[in-house]
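Visitor: what shape does this take:
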Amino acid sequence: MKTSTDRMLTRIKSIYLYIKQRETVTTNELVEEFGITQRTIQRDLNVLEYNNLVESPARGKWSVTKKKTHVS
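Guide: Reported below is the predicted structural model:
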């Protein structure tokens, strides 16, 4: 069984890839897609934003930054 940290990192990676594929998404879209609470999505987005991977061009909307990434 995966640890909670592994699950969190896997979820954050999935959220990042979802945003990257769709270019811009709303927080509510992410809640619906991933079936988790808005608070959990917000925490995950905060991690991505802190690492300069996503940005919020408008309230409640998210897009990826131009930071180079290598997703394995």
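
Visitor: show me where the chain has strands.
Guide: 24-26, 54-58, 61-64 (DSSP state E).

Visitor: ok, for the residue most central in space within the chain, nearest residue in space, not its chain neighbours?
Guide: Residue closest to the mean C-alpha point of the chain, counted by C-alpha atoms, centre = their mean, is I15 at 3.6 Å. Excluding its sequence neighbours, the residue lying closest to I15 (C-beta to C-beta, 6 or more residues apart in numbering) is D44, at 5.4 Å. All C-beta atoms are positioned from the backbone trio N, CA, C, and that covers glycine.

Visitor: what about that neighbour, neighbour count?
Guide: 22 (other C-beta atoms under 10 Å).

Visitor: and what of R39?
Guide: 9.

Visitor: returning to what we had before: so what's the residue nearest to I15 up against?
Guide: Neighbouring residues of D44 by C-beta atoms under 8 Å, 6 or more residues apart in numbering: M8, R11, I12, I15.

Visitor: so which of those is the most crowded?
Guide: Counting neighbours by other C-beta under 10 Å, I15 comes out on top of the contacts of D44 with 23 neighbours.

Visitor: tell me the pLDDT of that one.
Guide: pLDDT recorded at I15 is 97.

Visitor: for M1, same thing?
Guide: pLDDT, M1: 57.

Visitor: and the helices in the protein?
Guide: Taking DSSP state H, the helices of the chain run over residues 4-22, 27-34, 38-50.

Visitor: TSV for those, including distance to V64?
Guide: Formatted as TSV, the helices of the chain follow (distance: least, C-beta to C-beta, whole Å):
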stretch	distance to V64
helix 4-22	5
helix 27-34	13
helix 38-50	9
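
Visitor: quick one, what contacts the nearest residue to S14 once chain neighbours are set aside?
Guide: Of all residues not flanking S14 in the chain, F34 sits nearest, at 7.2 Å (C-beta to C-beta, 6+ apart). By C-beta under 8 Å, 6+ apart, the contact set of F34 is R11, S14, I15, Y18, I41.

Visitor: closest to S63 among the residues you listed?
Guide: Using C-beta to C-beta, the shortest approach to S63 within these belongs to Y18, at 11.6 Å.

Visitor: you'd agree the closest one is up against L30?
Guide: Yes: the pair Y18 / L30 is scored as a contact, 7.1 Å apart, by C-beta atoms under 8 Å.

Visitor: I'm done for today, thanks for sticking with me.
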